[in-house]
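K.L.:
just to be clear, the model below is a prediction. Sequence and coordinates:
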Amino acid sequence: MAEAERLQHAADLPIARGADIIDDANGLRLEDNEDCDNDCAGGLLLQECGKLAIVSTVRGVESTIASFLRWHAHVGFDAIYLYFDEPDDDERSIEIASSYPCVYVMRADAGFRVREAYDTLPSYDSLREHMQVQVQARQRLNCEHCV
């Protein structure tokens, strides 16, 4: 299978909790993974299984969210934390993302940042004035929140 075809096929595979994507002479397939019996609840997956996670700040991703999640699961991310910048405008994307195991959805609007005490994060004071206009400021704070 050519590399481009292999990558497209991987992006089309469904994600299943406790499954690995196997790439061998028979092509790509899902196979049960018994290494970790954690049910992906909260951050326990990363602590107990020593797995890899990604934090992403997103908006307006309905047409790409499913392939984004499949791709990142394929390349080895075991937990995906999505911070939706405009959750009221991204209901369908949130619905899609919420259907995947080990995907954690945060409705990261201004109210969320207050409830989650963003003002106590290490970079808050230096980024506070940029939060509303620069996605990079929100990305950094979302990463700090997640960790």
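P.N.:
Done, it's in.

K.L.:
mind listing residues that contact stretch 77-91?
P.N.:
With C-beta atoms under 8 Å, 6 or more residues apart in numbering as the test, stretch 77-91 has contacts from 40, 43, 45-46, 49, 51-62, 69, 72-73, 93-94, 97, 100, 102-109, 135, 138, 142, 145-146. Heads up, the C-betas are built off the backbone N, CA and C, glycines and all.

K.L.:
now it: buried residues?
P.N.:
Residues of stretch 77-91 classed as buried: Phe77, Asp78, Ala79, Ile80, Tyr81, Leu82, Tyr83, Phe84, Asp85, Pro87, Asp90 (neighbour count, 16 or more other C-beta atoms under 10 Å).

K.L.:
which of the residues you listed lies closest to Tyr118?
P.N.:
Among the buried residues of stretch 77-91, Tyr83 lies closest to Tyr118 (C-beta to C-beta), at 11.2 Å.

K.L.:
what mean pLDDT does the host helix or strand of that closest one get?
P.N.:
For Tyr83, the host element (DSSP states H and E) is strand 77-84. The average pLDDT within strand 77-84 is 94.

K.L.:
which parts of this protein are helices?
P.N.:
Here the chain has its helices, by DSSP state H, at 3-12, 44-49, 65-74, 91-98, 110-115, 124-127, 135-146.

K.L.:
what's the angle from the last one to strand 77-84?
P.N.:
What that stands for is helix 135-146. Compare the direction of helix 135-146 with that of strand 77-84 by axes from the mean of the first three to the mean of the last three C-alpha atoms, to 10 degrees and you get 130 degrees.

K.L.:
helices or strands next to helix 135-146 in the packing?
P.N.:
Applying 3 or more C-beta pairs under 8 Å, 6 or more residues apart in numbering; DSSP states H and E, we find helix 135-146 packed against strand 52-58, strand 77-84, helix 124-127.

K.L.:
relative to helix 91-98, how tilted is the second one?
P.N.:
For strand 77-84 against helix 91-98, the angle between stretch directions is 160 degrees (the same axes, to 10 degrees).

K.L.:
between strand 77-84 and strand 52-58, how many degrees?
P.N.:
Relative orientation of strand 77-84 and strand 52-58, computed by the same axes, to 10 degrees: 20 degrees.

K.L.:
sounds good, over and out.
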